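Peer 1: When you get a sec, could you give me coordinates for this:
(chains A and B)
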There are 2 protein chains.
Amino acid sequence: MQILQVELGERSYPIYIGADLLAQPQLLAQHIAGRQVAIVTNETVAPLYLQALETALSGYSLTSVVLPDGEEFKTWEVLQQIFDGLLTARHDRRTTIIALGGGVVGDMAGFAAACYQRGVNFVQIPTTLLSQVDSSVGGKTGINHPLGKNMVGAFYQPQAVLIDTKSLMTLPQRELSAGLAEVIKYGLICDEPFLQWLEANMPALRELDQAALTQAIERSCAAKARIVAADERESGVRATLNLGHTFGHAIETHMGYGVWLHGEAVAAGTVMALEMSTRLGWIEPAERDRAIRLFQAAGLPVVPPKVMTPAHFLEHMAVDKKVLDGQLRLVLLRQMGDAVVTSEYPREILSATLNADYAAMAEQLKN
Amino acid sequence: MQILQVELGERSYPIYIGADLLAQPQLLAQHIAGRQVAIVTNETVAPLYLQALETALSGYSLTSVVLPDGEEFKTWEVLQQIFDGLLTARHDRRTTIIALGGGVVGDMAGFAAACYQRGVNFVQIPTTLLSQVDSSVGGKTGINHPLGKNMVGAFYQPQAVLIDTKSLMTLPQRELSAGLAEVIKYGLICDEPFLQWLEANMPALRELDQAALTQAIERSCAAKARIVAADERESGVRATLNLGHTFGHAIETHMGYGVWLHGEAVAAGTVMALEMSTRLGWIEPAERDRAIRLFQAAGLPVVPPKVMTPAHFLEHMAVDKKVLDGQLRLVLLRQMGDAVVTSEYPREILSATLNADYAAMAEQLKN
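Peer 2: I've put the predicted structure just below:
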């Protein structure tokens, strides 16, 4: 087991990473303050892991809330199910909410923990690779609004995160790939040597080698933890974590939540950000192509949806949270392993990026 | 003008108190960071003050959201109107939300500010005495849930609070009295000399003497600011601010939101807490009676609703946020000007308190 400490002053917390951690209830017990625990999970994860977790926590007064599965349920109406469950079972402000599931469950359970009686304890048990390397670190919680993703939420840190790499055995191949998109992202924005490691270990990761997974997750979480510790409220460097996300969110919004997985949209969006970095002369075409090959090796799309025009992208990007006082800020690469957030670029370069022929690039690089 | 600084480290903020402050836009301008401002108010306050505030802020990109008036509208559905207004007008994360109105507007606008894009700037302009002395200090925001008051919310501090005592000229007499309940509370829990001042100045306050109002508001806010600075997250002394609120919430819940004003329920609830303190031998009957007379002079009820039985009270108090791990904690007076939070009392004393004849006490003390 690896233990990674996220340093945030009085809000610091540990991340435990390893195989079969769900079978170690004492790891959880030290982070539960009161006698009440509420487990929030979804219909897909519940049949796999809920009973084991309930058994591990049988000493507590326990309430389980099972939500429908999917980004389209990341709404206030579904969030109410958590509050209803807590209030019906009379959970008080010393209760602990445990998120058991992927990013949507974590975001909703975390936001519920942030809001229930103005804040209760929170523990995360992420069961997808994406949530393990991304949403379990950094304290972002929230729900979607009909007019935009994650528009309502809170920064709220958990007491602990427990990552059982064995839970990836039940994850669909497509979702494993989606998680790898964020893993690759850490190499691109701040850890070039990790890119080399990923190029060497991508087959082992896709075959669920537990040691390789533990290492990739630990290195990804460590990268994110470093960045979040430096900038908890996303006023500066933390925004670099959004590499590919401005283009990616446009894809998700346009296609409808859930049609493209978040990681898939980020992969294609990152290729667009690298294309733009190339056109600005900041990275070489060969470096962009290296990233495209790595995404391809991870089983990810590298071409935006054919149905989307440059106008579609611009329309969706205008409501992005990264638009500050009307200026569109983008995360781009100065070089491999070094991302910057900038609104200083010629409009024509953005326009050329939106018009580039990604299908041709992808075809040329395909093995 | 009085300026009171609420000391909360990096979340410190000033409270400006005085007559005609709404006519001084430069006070607001120094607390607005971006170019966008959203004013949240309600149907009662908008015709009185919205235009003046919009004129004062005409240099900004301005959106106004007018909510229905009343505690019964402190719901998620109505909160959505704020998010809808912000997103439709494309407010970004540098926007500033200004609450113009009473406690409900402040709670909802503050919660919206806490959640919109995971937190934006917030300024309060409370227009009722209750919100000026209570909800504008301390950062409590939130909405009601069908199963309980203020069950969903956040601790979120404003950038500044601007209290224009002239706004009390348009406040109904009954709401002025309700605000005085909280003013008296500060004397009871932590400032015995203030009780004497209130006994001498109650007529001036009810006649809206601006100097007396400024002094009472400043002293109340200072008391609350001291307590909140010592205990921002309500883990200890802050709970003493809830003197009379456990009994009072039971009254509000039982009678239905809005039938009794919050301050009215707090007044009757405080009399119950003082009765209990008397029965515990902590304060003298004469001290309890002194408080009852002061509430009466403020035009407040001192007798719980006739329709409520002791069983009703116990039922409603069992879901109170102050119930920790099943024990009912109450705020009581050790002596006048000295409140404690305790669950150490004989059950019979609580029972006797719920059965006491408050109507007879009130009748005897009536002028």
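
Peer 1: what distance separates stretch A:287-301 from the middle of the whole chain?
Peer 2: Average the C-alpha atoms of stretch A:287-301, do the same for its chain, and the two points are 19 Å apart (C-alpha atoms, centre = their mean, to the nearest Å).

Peer 1: Contacts for it, please.
Peer 2: A:173-174, A:176-178, A:180-181, A:184, A:188, A:195, A:198-199, A:202-203, A:205-206, A:260, A:263-264, A:267-268, A:270-271, A:274-275, A:277-278, A:302, A:335-336, A:361-362, A:365-367 (C-beta atoms under 8 Å, 6 or more residues apart in numbering or on different chains). No exception for glycine: its C-beta is placed from N, CA and C like everyone else's.

Peer 1: near chain B too, which of the residues you listed?
Peer 2: Of the residues in these, proximity to chain B by C-beta under 8 Å from any C-beta of the partner chain holds for none.

Peer 1: near chain B, which residues of chain A?
Peer 2: Checking chain A against chain B by C-beta under 8 Å from any C-beta, the hits are A:34-36, A:76, A:80, A:83-84, A:87-88, A:90, A:92-94, A:114-119, A:140-142, A:145, A:147-148, A:150-155, A:233, A:318-319, A:321, A:323-325.

Peer 1: re the thing from before, separate out the buried members of the contacts of stretch A:287-301.
Peer 2: A:176-178, A:180-181, A:184, A:188, A:195, A:198, A:202, A:205-206, A:260, A:263-264, A:267-268, A:270-271, A:274-275, A:277-278, A:302, A:336, A:361-362 (16 or more other C-beta atoms under 10 Å in any protein chain shown).

Peer 1: These in helices, which ones?
Peer 2: A:176-178, A:180-181, A:184, A:188, A:195, A:198, A:202, A:205-206, A:263-264, A:267-268, A:270-271, A:274-275, A:277-278, A:361-362 (DSSP state H).

Peer 1: so A:A38, which of the three states?
Peer 2: strand (DSSP: H, G, I helix; E, B strand; the rest coil).

Peer 1: I'd like the distance from it to A:D92, if you could.
Peer 2: 11 Å (C-beta to C-beta, to the nearest Å).

Peer 1: who's more crowded, those two?
Peer 2: A:A38 (25 against 21; other C-beta atoms under 10 Å in any protein chain shown).

Peer 1: Go ahead and list the helix or strand containing A:A222.
Peer 2: helix A:210-230 (DSSP states H and E).

Peer 1: And the contacts of that helix?
Peer 2: Contacts to helix A:210-230, defined as C-beta under 8 Å, 6+ apart, come from residues A:2, A:4-8, A:15, A:17-19, A:129, A:132-134, A:136-139, A:163, A:165-166, A:168, A:182-183, A:186, A:189-191, A:194, A:197-198, A:201, A:204-205, A:236-238, A:240-241.

Peer 1: For those, which PyMOL command selects only the ones that are buried?
Peer 2: To isolate the buried subset of those in PyMOL, counting by 16+ other C-beta under 10 Å, use the following:
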select buried, chain A and resi 4+6+15+17+18+19+129+132+133+134+136+137+138+139+163+165+166+168+182+183+186+189+190+191+194+198+201+205+237+238+240+241
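
Peer 1: which residues of the stretch 1-150 of chain A fall in helices?
Peer 2: A:25-29, A:51-56, A:76-88, A:103-115, A:129-130 (DSSP state H, counting those that start in this stretch).

Peer 1: what would those helices look like in TSV with mean pLDDT?
Peer 2: As requested, those are exported to TSV (pLDDT from 0 to 100):
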stretch	mean pLDDT
helix A:25-29	91
helix A:51-56	95
helix A:76-88	96
helix A:103-115	97
helix A:129-130	96
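
Peer 1: So which of those is nearest A:V66?
Peer 2: helix A:76-88 (8.6 Å; C-beta to C-beta).

Peer 1: Let's see the closest one as CSV, backbone CA atoms only.
Peer 2: Extracted C-alpha coordinates of helix A:76-88, given in CSV (Å, rounded to 0.1, in the frame of the first residue of the first chain):
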residue,chain,number,x,y,z
TRP,A,76,-30.2,18.7,-7.9
GLU,A,77,-33.2,16.3,-8.1
VAL,A,78,-31.0,13.3,-7.6
LEU,A,79,-28.9,15.1,-5.0
GLN,A,80,-32.1,15.4,-3.0
GLN,A,81,-32.2,11.6,-2.6
ILE,A,82,-29.0,11.9,-0.5
PHE,A,83,-30.5,14.7,1.7
ASP,A,84,-33.8,12.8,2.0
GLY,A,85,-31.9,9.6,3.1
LEU,A,86,-29.9,11.6,5.6
LEU,A,87,-32.8,13.4,7.1
THR,A,88,-35.2,10.5,7.2
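
Peer 1: how about it: buried residues?
Peer 2: A:76, A:78-79, A:81-83, A:85-87.

Peer 1: and it, what does it pack onto?
Peer 2: strand A:36-42, strand A:61-67, helix A:103-115, helix B:76-88, strand B:148-155 (3 or more C-beta pairs under 8 Å, 6 or more residues apart in numbering or on different chains; DSSP states H and E).

Peer 1: OK, contacts around the most centrally placed residue in chain A?
Peer 2: Centroid-nearest residue in chain A, with C-alpha atoms, centre = their mean: A:D134, separated by 3.4 Å. A:D134 makes contact with A:103, A:179, A:182, A:220, A:224, according to C-beta under 8 Å, 6+ apart.

Peer 1: Give me the below-cutoff pLDDT ranges for chain A.
Peer 2: A:319-327, A:367 (pLDDT under 70).
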